[in-house]
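In: A predicted structure for the sequence below; I have some questions about it.
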Amino acid sequence: MSTRLYVGNVPYSTTEDELRRLFSQVGRVDAVEIPKDRQTGRPRGFAFVEMANDQEAQKAIARFDGYTLDSRRIRVNVAQEREIRAGGYTRR
C-alpha cells in the first residue's frame with residue numbers, strides 16, 4: 001500500500017520530474033503532485049509524493065526532511081488527511 005508524503009517549502013521552480021528523481025533515490029515513487037494556485041496557476045510551494053510503501057516513505061522522510069533543494073530546506077512528513085470543514089462559508 002502506498003504512502004503519501006507532504007513536502008513543504010518546495011522552491012517554486014521545482015518540477016514534478018525533479019521531485020520524482022530526488023525521491024526515487026530511496027524507493028519507488030508512484031505519483032508526484034505540485035498543487036497550483038487556482039487564480040495565478042503558479043505552484044503553491046508544497047508538493048505531495050506518493051511512495052510505494054511505508055518503509056520507503058520512512059526512508060524518504062529520514063533522508064530528505066531538512067534537505068536543501070535549490071537553497072531552500074524542504075520539510076517532509078506523512079501527509080495528513082484534510083479536515084472536513086463545518087459551516088456554510090462560501091467565498092465569493
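Out: Noted; the coordinates are in hand.
In: let's verify residue 22: helix, strand, or coil?
Out: helix (DSSP: H, G, I helix; E, B strand; the rest coil).
In: where does it land on pLDDT?
Out: For residue 22, the model assigns a pLDDT of 98.
In: let me see the contact set for it.
Out: For residue 22, the contacting residues are 64, 69, by C-beta atoms under 8 Å, 6 or more residues apart in numbering. Every residue, glycine included, has its C-beta placed from N, CA and C.
In: and it, how far from residue 15?
Out: 11 Å (C-beta to C-beta, to the nearest Å).
In: got it, and residue 25?
Out: 16 Å.
In: count the residues that sit near residue 65.
Out: Neighbour count for residue 65, taken as other C-beta atoms under 10 Å: 15.
In: excluding its backbone neighbours, what's nearest it?
Out: Excluding the flanking residues, the one nearest residue 65 by C-beta to C-beta, 6 or more residues apart in numbering is residue 76, at 4.3 Å.
In: next SSE after the helix ranked longest in the chain?
Out: Ranked by number of residues, the top helix in the chain under DSSP state H is helix 54-64. Once the chain leaves helix 54-64, the next helix or strand it forms, by DSSP states H and E, is strand 68-69.
In: parallel or antiparallel, list what pairs with that following strand.
Out: strand 72-73 (antiparallel) (DSSP bridges).
In: sort out which residues of the helix or strand just after the strand it pairs with are buried, please.
Out: As assigned by DSSP H and E, the chain's next helix or strand after strand 72-73 is strand 75-78. Buried residues in strand 75-78, counted by 16 or more other C-beta atoms under 10 Å: 75, 76.
In: what's strand 75-78 in contact with?
Out: By C-beta under 8 Å, 6+ apart, the surrounding residues in contact with strand 75-78 are 3-9, 49, 57, 60-61, 64-67.
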